[in-house]
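>>> sequence and predicted structure are below.
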Amino acid sequence: MTDAGSFLPLPSATLHILVALGPGEKHGYAIMGDVKELSDGRVRMGPGTLYGSIKRMLADGLIEETLARPDPALDDQRRRYYRLTGLGERVCAAELQRLYALVRRAGSPEWAQRLVPRLGQA
Amino acid sequence: MADKHRSMGRHASLYRALVVLYPRSFRKEYGEAMNQLFGDRLRELGARAWLETVADLVRTVPHQRMEAVMASPSPGTRVGVLVAFVAAAVAASIGLGGGVVPLLVVIAAVLVIVGKRAVISAPFGERAPLWPAVTQAWWAPLGALLGVAMIVLGIGTIFEAHNLGGRIIGSGLLLLLGCTMLLGLMRRPFDRVAGNSMILVATVPAFAFFWIIVPAGPAAGRLGPRRGGGGRGRARHLRLGRRDAGPAGDRRCVPRCRS
């Protein structure tokens, strides 16, 4: 079994895509929209960045393409859908845990709480 | 409404044309999905979709191209690309009289392309002792000799250059190439691709230096762009006409100089 820790730390685009795919399978445009929403508009991916990341993540086994297609009346049949693999879920969880631990440690010192008051509540 | 559709069609066609900049394998796999995604963005944002798309193209096209080169099927192909880059740099620097700048730019590009594994990390990796490194192949002693010659010449010419730039570029480059050659020979038994890459990066400019620049003399060997062009032929002509040539040399030179 591949060690999830060997993928850490994840590039920002990869982490955002993994988190966007957390709830279930999505196509490229939906992933792009979710990433924008998750990051309050700070992370914007163009088609090249998105599919470049998807290519690497497919090669690493973090995500997979699904063959299931929604009702043709609801969506374009040509769209390609992706979902997390077991490894992708583990890697995403490990990275979120790492970031959470970092936020907790960074939030402890007084200077950090003074700079970012919300850090202390994490 | 029809105008809007026509305009969107033009934008989409332009993007489809730009997708050609990506490597063929990437385009084949994701080109259609990218076109569709751009179409979606176009419907959502209109022409403003280009703002982030242009930045995305500028950032990701070179990246994908680089990945495509690195994913070449064999180490031989990778080394071939390396040789082509260095040979092109040497041709630009010496043959076309472009000076040393293109050579340095292309060597830097090669270092980036070959990347951490092949060159930058190679000197720090495992290395064979000197004797096995020198006797590993029939050509290895020649390579070692070339490397030592470059180092000796590099040290010997440090104080000959008239300015600091000349010392750094001329002597420094010779020292760097000599060390690269020796380290490549020592690295090769453990990592063939890394070792071969280092040896080739050092060999091509070294041969160019010893076979072209040194025999042509100081006028042609001067580092930096040549004024007035002409390359080797011009350097030989100047030597014959002004300094070394006897009466025959003068006869050959005079009509050309007058014309």
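Arrived safely, thanks for sending.
>>> quick one, strands of chain A?
Remark: strands of chain A, listed N- to C-terminal, are A:26-27, A:63-66, A:81-84; assignment by DSSP state E.
>>> which residues are in contact with the first one?
Outside of strand A:26-27, the residues that reach it under the criterion Cβ atoms under 8 Å, 6 or more residues apart in numbering or on different chains are A:A20, A:D34, A:D75, A:R79, A:R80, A:Y81, A:Y82, A:R83. All C-beta atoms are positioned from the backbone trio N, CA, C, and that covers glycine.
>>> among those residues, which ones lie close to chain B?
Judged by Cβ under 8 Å from any Cβ of the partner chain, the overlap between these and the neighbourhood of chain B comprises A:R79, A:R80.
>>> closest one to chain B out of the contacts of strand A:26-27, please.
Ranked by distance to chain B (Cβ to the nearest Cβ), those are led by A:R80 at 5.6 Å.
>>> check contacts around that closest one.
Shown in contact with A:R80 (Cβ under 8 Å, 6+ apart): A:H27, A:G28, A:E65, B:A33.
>>> who wins on neighbours among those residues?
Neighbour tally across those (other Cβ atoms under 10 Å in any protein chain shown): the maximum, 23 neighbours, falls on A:G28.
>>> leaving out sequence neighbours, find the closest residue to that residue.
B:L37 (5.0 Å; Cβ to Cβ, 6 or more residues apart in numbering or on different chains).
>>> which element is the one you found on?
Using DSSP states H and E, B:L37 falls within helix B:24-45.
>>> repeat that for B:A133.
For B:A133, the host element (DSSP H and E) is helix B:130-134.
>>> need the CA coordinates for that helix. PDB is fine.
Output in PDB follows, covering the C-alpha atoms of helix B:130-134 (Å, rounded to 0.1, in the frame of the first residue of the first chain):
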ATOM      1  CA  LEU B 130      39.200   7.900  -9.700                       C
ATOM      2  CA  TRP B 131      40.800   4.700 -11.000                       C
ATOM      3  CA  PRO B 132      37.600   2.700 -11.800                       C
ATOM      4  CA  ALA B 133      36.100   5.900 -13.100                       C
ATOM      5  CA  VAL B 134      39.000   6.400 -15.600                       C
END
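>>> which strands and helices sit next to whatever helix or strand comes next after it?
Using DSSP H and E, the next helix or strand after helix B:130-134 towards the C-terminus is helix B:140-156. Helices and strands touching helix B:140-156, as assessed by 3 or more Cβ pairs under 8 Å, 6 or more residues apart in numbering or on different chains; DSSP states H and E, comprise helix B:130-134, helix B:172-187, helix B:192-208.
>>> for chain B, give me its nearest residue in chain A.
For chain A, Cβ to the nearest Cβ, closest residue to chain B: A:G46, 2.4 Å.
>>> hang on, that residue packs against B:L51?
No: look at A:G46 against B:L51 with Cβ atoms under 8 Å: they stay out of range, at 9.8 Å.
>>> more neighbours: which of those two?
Between A:G46 and B:L51, counted using other Cβ under 10 Å, A:G46 has the larger neighbour count: 24 against 12.
>>> contacting residues for the more buried one?
A:G46 touches B:E52, B:T53, B:A55, B:D56, B:L57, B:R59, B:T60, counting by Cβ under 8 Å, 6+ apart.
>>> the nearest residue to B:T60 once chain neighbours are set aside: how many residues sit nearby?
Nearest residue to B:T60, sequence neighbours excluded (Cβ to Cβ, 6+ apart): A:G48, at 3.1 Å. For A:G48, the count of nearby residues is 27 (other Cβ under 10 Å).
>>> tell me the confidence at A:G48?
The confidence metric pLDDT takes the value 94 at A:G48.
>>> can I assume it is in contact with B:V58?
No: judged on Cβ under 8 Å, A:G48 makes no contact with B:V58 at a distance of 9.2 Å.
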